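> structural data only, the sequence is not supplied:
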């Protein structure tokens, strides 16, 4: 292509003018005393500003903050304190490696040997905190027939005769005297962490039996297995599984003719195992043999939960992460906020980012990414969107008890729920949740690390989902009522607590 001499002359002229202006401006700045600048200086990053004053405790008080310890060093597989609420700080790095610190043969022997003493200590710790006597609530059962356990089973501290007496003390006095009975629960092996399945699950799925740690709750205080599944699209059928665990091998037989093809595809993907950080085909694993991994419904079995616990993926180091129980998928069609702390706003998004890699995308290169495209996660969300709550025969269409079906105790409990007990301030609507996060500021009662805002969990069908609170520290509904009576300073009487539990069993 030819360019005319006139155009070339014009371009050269413009460049010369620009250069002249630049030189003139440079001389002018120099004349005014402007500092000389190296050619690449603006490629560097200037240092950030620092505030001259620093707040020391952010309202918690110096004595509270000063009692927190720095996290101990903890490599993969190393034992960690069971009172991690006493610790705070940062780790060496946000990132981990898919390489074990030792060859797998040594890793296997180390963990199998350590597991014996670890579980002895964990059992003693749990027995020191809870009285798992196994007494059921008379006449109460979960939706599939499993008994509901009576409480409270949380042990009171020495020197306190009753929860009623404890509730007369101020938060400051409880903290100073070390009397708070509802301390956070840690993962028994938080350095490795990852999913820990209950015994009823590993009996049926031995490929998920860990070499390093077992679940720390007795079966009587966990959800029934396998749980019933109720669909919004087929309420007339009740439990569509007929008491079976849904698997890749039987889902077609169970659901063909009930679901749309898109929902069938979504369900299949929810059942398909994929590699995870510690359950996979590589040597970076906590099972004796390699496995295909885990599926969504390995924890959210039949669209509910088997109470497998993990660590919330929202923080580092591992020792700072909160232990979280698997929440139920029931009723997600009526919720706008999913996940305990990440505030995920859609079921397709939740299906896409479910933390099989502990929030560490770098692990995917070693064990394989899930690779679910948005069209697939949409279909997973479509099945999730038809999982219903269990029936509540005493509950009317506007979330009030039918007076002719409820007992006097249940009706009194309902009035307490919406009144004196203040439950209805956060738990309302068809799912009994406000779709917000709340900070209960529980650290007012013990010198521990604040846990921050946690989402409001739905109370519909709550009797089917023990244990309670995000980390399961409240094994029964009775424990939950005692917990909130204390931290919200409600002043409930013994009869009022019993009435409130009777109402919760109706939901």
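Arrived safely, thanks for sending. Because the structure is predicted, anything quoted here is derived from the model rather than measured.
> give me every residue that touches residue 483.
182, 469, 474 (C-beta atoms under 8 Å, 6 or more residues apart in numbering). For the C-beta atoms, the positions are set from N, CA and C on the backbone; glycine is no exception.
> residue 280: which of these is nearest?
Ranked by distance to residue 280 (C-beta to C-beta), those are led by residue 469 at 30.5 Å.
> how close does that closest one sit to residue 223?
The gap separating residue 469 from residue 223 is 15 Å, by C-beta to C-beta, to the nearest Å.
> okay, the two: which has more neighbours?
residue 223 (27 against 21; other C-beta atoms under 10 Å).
> from memory the more buried one sits against residue 463, does it?
No - using C-beta atoms under 8 Å, residue 223 is not in contact with residue 463; the gap is 9.8 Å.
> anything in contact with each of these two?
Common contacts of residue 223 and residue 463 (C-beta under 8 Å, 6+ apart): residue 142.
> point out where the stretch 101-250 of the chain drops to low pLDDT.
Within the stretch 101-250 of the chain, no range satisfies pLDDT under 70.
> all helices of it, in order?
Ranges of helices in the stretch 101-250 of the chain, per DSSP state H, counting those that start in this stretch, are 104-129, 163-166, 171-177, 199-204.
> for the lengthiest strand in the chain, buried residues please.
Counting residues, the longest strand found in the chain (DSSP state E) is strand 136-141. Using 16 or more other C-beta atoms under 10 Å as the test for burial, strand 136-141 gives 137, 140.
> that strand packs against which elements?
Contacts defined by 3 or more C-beta pairs under 8 Å, 6 or more residues apart in numbering; DSSP states H and E place strand 136-141 against strand 147-149.
> roughly how far is the strand it packs on from the heart of the chain?
24 Å (C-alpha atoms, centre = their mean, to the nearest Å).
> partners of it, with directions?
Strand 147-149 has the following sheet partners, assigned by DSSP bridges: strand 136-141 (antiparallel).
> that older thread, in a markdown table: the contacts of residue 483, plus distance to residue 364.
Output for the contacts of residue 483, formatted as a markdown table (distance: C-beta to C-beta, whole Å):
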| residue | distance to residue 364 |
| --- | --- |
| 182 | 38 |
| 469 | 32 |
| 474 | 35 |
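> from those, which single one is nearest residue 387?
Closest to residue 387, out of all of the contacts of residue 483 and judged by C-beta to C-beta, is residue 469, at 22.5 Å.
> if I pick the one residue sitting closest to the centre of the chain, what's in contact with it?
With distances taken as C-alpha atoms, centre = their mean, residue 324 lies nearest the centre of the chain, 3.9 Å away. Residue 324 is in contact with 309-312, 340, 470-471, counting by C-beta under 8 Å, 6+ apart.
> for residue 174, same thing?
With C-beta under 8 Å, 6+ apart, residue 174 has these contacts: 166, 180, 445-446.
> report the secondary structure state of residue 267.
The three-state assignment at residue 267 reads helix, by DSSP: H, G, I helix; E, B strand; the rest coil.
> mind giving me the domain ranges of the protein?
Per automatic domain parsing, the structural domains of the chain span 62-127+185-389, 130-182+394-507.
> make JSON lines out of these and add distance to residue 44.
Output for the domains of the chain, formatted as JSON lines (distance: least, C-beta to C-beta, whole Å):
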{"stretch": "domain 62-127+185-389", "distance to residue 44": "25"}
{"stretch": "domain 130-182+394-507", "distance to residue 44": "36"}
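> wait, which of these is closest to residue 40?
Residue 40 lies closest to domain 62-127+185-389 among the domains of the chain, at 29.9 Å (C-beta to C-beta).
> related to what we said a few turns ago, tell me the one of the contacts of residue 483 nearest residue 162?
residue 182 (15.0 Å).
> pretty sure that closest one sits against residue 474.
Yes - contact criterion C-beta under 8 Å: residue 182 and residue 474 qualify, at 7.0 Å.
> quick one, which of these two is more surrounded?
Using other C-beta under 10 Å as the criterion, residue 182 and residue 474 rank with residue 474 on top: 24 against 21.
> let me see the contact set for the closest residue to that one other than its chain neighbours.
Nearest residue to residue 474, sequence neighbours excluded (C-beta to C-beta, 6 or more residues apart in numbering): residue 468, at 4.1 Å. By C-beta under 8 Å, 6+ apart, the contact list for residue 468 reads 462, 474-477, 479-480.
> these into CSV, with extra columns for distance to residue 247, pLDDT and secondary structure?
Shown next, in CSV, are these (distance: C-beta to C-beta, whole Å; pLDDT from 0 to 100; DSSP: H, G, I helix; E, B strand; the rest coil):
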residue, distance to residue 247, pLDDT, secondary structure
462, 27, 98, helix
474, 31, 98, strand
475, 29, 98, coil
476, 31, 98, coil
477, 31, 98, helix
479, 34, 98, helix
480, 33, 98, helix
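> which residues are in contact with each of residue 182 and residue 474?
Common neighbours of residue 182 and residue 474 (criterion: C-beta under 8 Å, 6+ apart): 154, 483.
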